[in-house]
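Give me a 3D structure for the following:
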Amino acid sequence: MDSFLECAKRYHDRPAGANADAGAGAEDNQATRLAGKLPSAPDCVVHPDLQNFLAELNKSNSPLPPASPPRQAAAAGLPDQERHSRELSQAYETLQRRNDEFRHELAMARKVQTTFIPGAADFPQRPELDFAGYYEAMADVGGDLYDVIRIGKNAYGLIMADVSGHGVAAALVTALVKIAFRSRMHWGVATDQVCRAVNEELYDILGEGERYVTAFVAIVNLEDGSIEYTNAGHHPGLLLRDGAVRQLDSKGNFLGIFEAPEYTAQREPLQAGDRIILFTDGIIEARSYLDEEYGHHRLEEALRDHAGDQPTELVKAVTRDLDGFTMGAPAHDDRALLCTLFNGRCPAPEAI
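Here you go, the predicted structure:
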């Protein structure tokens, strides 16, 4: 009798197609059908274990079943996924390129803005006056502005302005404001007249839009030792004299949003040693991590504590006190501060 392996070999070597109906039917006659497919061998007896082996072998030789519908759909969707992936990659590259261009433009805008906000080397050099300023934009560029403008031979205009909003749009308006004030401030023109002229110019551009400007405008006359000022909807200026702080205020509305607002000018004498402090609301509205506001009272206290300091040191003292109060809390507005020290009148024109 052939061995188990010999019978298996004969089954394996059977003619092609011999297993077409293998595995079909009931288990009790499976051995007979399988034996009929083997080459004739009268002494070959199919062992029961071989029956199971041949049945499994038959199954392994069957063709693979067709792919299920979900797999077919997934295979068909591969080209779409690849296309979407390429589109996303291209969109990301475009976005990254445009972001780089935007950051470059912002850097250029910031560089331009720093050229029209005076630094220490840009202030007029006069023995009768000393200046110091501080400016910090909340974003890359800001909407605050201060300026010192020479008027005639012996007068200087002081400008502190705040454009509503932040960012590039506000920065562009600050450039307009600077140009407008510089073109309108002349010897013999009062501060209220200056504000009316600037308002008219800005109104033609902004025209009841979303932007407006607040400003404090002053003229220091070195010949008679006086200060004239107009408040256009801004925080009052501060006069620091002999350790005491007093507000400089007048009635006036915003610039650029109303067609014909009213402005008034105030005038008063200065004394040697007087310090004129102008600022924007980003200073007094700065908040700590406890959500407390810095406020007018803290600013005035810092000024009194350093009343005898030169402008540069006084500005540093105020900003140091402000930083100590906020403890690094993020700024929610631009910040600007300008200090002007009046050292006394200039010689009379006929004595020069």
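
would you list every one of the strands in the stretch 51-200 of the chain?
Using DSSP state E, counting those that start in this stretch, the strands of the stretch 51-200 of the chain run over residues 129-136, 144-151, 155-163.

Now distance to Glu93, mean pLDDT and mean neighbour count too, for those strands, in TSV please.
Yep, even glycine has a C-beta here, placed from its N, CA and C like the rest. Putting the strands of the stretch 51-200 of the chain into TSV (distance: least, Cβ to Cβ, whole Å; pLDDT from 0 to 100; neighbours: other Cβ atoms under 10 Å) gives the following:
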stretch	distance to Glu93	mean pLDDT	mean neighbour count
strand 129-136	35	96	20
strand 144-151	37	97	21
strand 155-163	36	98	24
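
who wins for proximity to Asn231 among the ones you listed?
Across the strands of the stretch 51-200 of the chain, Asn231 has its closest neighbour in strand 155-163 (10.0 Å, Cβ to Cβ).

So which elements touch that closest one?
strand 144-151, helix 167-184, strand 213-221, strand 275-279, strand 335-342 (3 or more Cβ pairs under 8 Å, 6 or more residues apart in numbering; DSSP states H and E).

Let's see that with 6 Å instead.
strand 144-151, helix 167-184, strand 213-221 (3 or more Cβ pairs under 6 Å, 6 or more residues apart in numbering; DSSP states H and E).

Quick check: which ranges of the stretch 1-150 of the chain have low pLDDT?
1-78, 102, 104-110, 112-113 (pLDDT under 70).

Tell me which residues are up against stretch 204-212.
Ser164, Val173, Phe254, Gly256, Ile257 (Cβ atoms under 6 Å, 6 or more residues apart in numbering).

how far away is the second one from Val245?
Remark: distance between Val173 and Val245 (Cβ to Cβ, to the nearest Å) = 31 Å.

ok, now the last one?
With distances taken as Cβ to Cβ, Ile257 is found 30 Å from Val245.

ok, how many other residues are close to Leu176?
By the criterion of other Cβ atoms under 10 Å, Leu176 has 18 neighbours.

show me what contacts it?
Leu176 touches nothing, counting by Cβ under 6 Å, 6+ apart.

Please shift the residue numbers so they start at 41 in all later answers.
Renumbered: residue one is now 41, and that last one reads Leu216.

Please report the distance of it from Phe156.
Counting by Cβ to Cβ - Leu216 and Phe156 are separated by 11 Å.

Same check on Ile219?
Taking Cβ to Cβ, one finds Ile219 at 9 Å from Phe156.

pretty sure Arg338 is in a strand, no?
No - per DSSP: H, G, I helix; E, B strand; the rest coil, Arg338 lies outside any strand segment and is helix.

That one: how many residues sit nearby?
Arg338: 18 surrounding residues under other Cβ under 10 Å.

Could you find the closest non-adjacent residue to it?
Phe365 (6.6 Å; Cβ to Cβ, 6 or more residues apart in numbering).

out of the contacts of stretch 244-252, who's nearest Leu185?
Once Cβ to Cβ is applied, the member of these that ends up nearest Leu185 is Val213, at 9.1 Å.

what's near enough to touch that closest one?
Val203, Arg251.

Please, which helix or strand holds the closest residue to Thr231 other than its chain neighbours?
Leaving aside its chain neighbours, Thr231 sits nearest to Thr270 (3.9 Å; criterion: Cβ to Cβ, 6+ apart). Assessed by DSSP states H and E, Thr270 sits inside strand 266-272.

Identify all contacting residues around that strand.
231-232, 235, 255-260, 288-290, 292, 295, 303, 305-307, 309-310.

so what strands line up beside that strand?
strand 253-261 (antiparallel), strand 306-309 (antiparallel) (DSSP bridges).

Just the buried ones out of the contacts of strand 266-272, please.
231-232, 235, 255-260, 288-290, 292, 295, 303, 305-306, 310 (16 or more other Cβ atoms under 10 Å).

Count the neighbours of Val217 for me.
Around Val217 there are 23 residues (other Cβ under 10 Å).

Spit out the contact partners of the closest residue to it other than its chain neighbours.
Residue nearest to Val217 in three dimensions, not counting chain neighbours: Ala201, with 5.1 Å by Cβ to Cβ, 6+ apart. Residues in contact with Ala201, defined by Cβ under 6 Å, 6+ apart, are Leu185, Val217, Val253, Ala255.

quick one: buried residues of stretch 344-353?
For stretch 344-353, a neighbour-count test (16+ other Cβ under 10 Å) marks His346, Asp349, Pro351, Thr352 as buried.

Please report how far Gln233 lies from Leu216.
Counting by Cβ to Cβ - Gln233 and Leu216 are separated by 19 Å.

go on, Val208?
Counting by Cβ to Cβ, the gap from Val208 to Leu216 is 13 Å.
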